[in-house]
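>>> coordinates only, no sequence provided:
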């Protein structure tokens, strides 16, 4: 067979086009996506822990303060006191985190200064946020108008004694929590990194 005939015979053979076999694409977890997921889980744990810390701080502090105000000064009975306090647990658990964020916002606006300045800021925060809620709480708890008036006037008078101590107490708990969770992005106290992450 001549080379020409061989070439013609070869051209007559049908040739299938090349077929590419594609494997099922599986999502590959990159280092960036893994770090993002880890950071998201860590941030959720941090927010949850901060909420629990704020709830514990608010409830433990308010109950210790309410005992002499309600039982001794306002003359409430133990049953009235327990009813008001159980309602306060619900209220405090709801408002604890907003209060901390409100405090951080006020401190961010007025800054930190000397002892007198910090005292005035924390007193204003405590009184402006807590007194209206305390009044509503006592009304829902069934206290009489005379008891509510006595307790609220007393509360307002001693707000100057409560505001700064609560701020110190809250910051103290945050520092303890920060030391136990070293390495996690935390809000340590109001004088360093408040809720919201901005340095004051």
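All right, it came through fine. If you're wondering where the values come from, they're calculated on a predicted model, not measured in any experiment. Numbers count the residues shown, from 1 in each chain.

>>> now do the helix or strand containing residue 42: which elements does it pack against?
Using DSSP states H and E, residue 42 maps to helix 31-66. Helix 31-66 sits against helix 78-110, helix 145-180, with contacts defined as 3 or more Cβ pairs under 8 Å, 6 or more residues apart in numbering; DSSP states H and E. (Glycine included, C-beta is placed from N, CA and C.)

>>> please name the nearest non-neighbouring residue to the most centrally placed residue in the chain.
Nearest to the mean C-alpha position of the chain, counting by Cα atoms, centre = their mean, stands residue 51 at 4.1 Å. Among residues not flanking residue 51 along the chain, residue 97 sits closest, at 5.1 Å (Cβ to Cβ, 6 or more residues apart in numbering).

>>> what do you get for residue 81?
That would be residue 70: by Cβ to Cβ, 6+ apart, it lies 5.0 Å from residue 81.

>>> and that neighbour, how many residues sit next to it?
27 (other Cβ atoms under 10 Å).

>>> how far away is it from residue 116?
Separation of residue 70 from residue 116 (Cβ to Cβ, to the nearest Å): 30 Å.

>>> again with residue 175
23 Å.

>>> neighbour count winner among these two?
Neighbours around residue 175 and residue 116, counted as other Cβ under 10 Å, are more numerous at residue 175. The numbers are 14 against 8.

>>> related to what we said a few turns ago, gap between the helix holding residue 42 and the chain center?
5 Å (Cα atoms, centre = their mean, to the nearest Å).

>>> what residues of it count as buried?
Across helix 31-66, burial judged by 16 or more other Cβ atoms under 10 Å covers 46, 50, 53-55, 57-59, 61-62, 65-66.

>>> could you do stretch 107-118 as well?
For stretch 107-118, by 16+ other Cβ under 10 Å, it's 107-108, 118.

>>> circling back to that earlier point, report pLDDT for the residue nearest to residue 81.
Looking at residue 70, its pLDDT is 80.

>>> picking that back up, want to throw the helices and strands packed on helix 31-66 into CSV with mean pLDDT?
Converted to CSV, the helices and strands packed on helix 31-66 look like this (pLDDT from 0 to 100):
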stretch, mean pLDDT
helix 78-110, 87
helix 145-180, 85
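
>>> mind putting these in TSV, distance to residue 139 included?
Shown next, in TSV, are those (distance: least, Cβ to Cβ, whole Å):
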stretch	distance to residue 139
helix 78-110	10
helix 145-180	6
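
>>> tell me which of the ones you listed sits nearest to residue 38.
helix 145-180 (19.5 Å; Cβ to Cβ).
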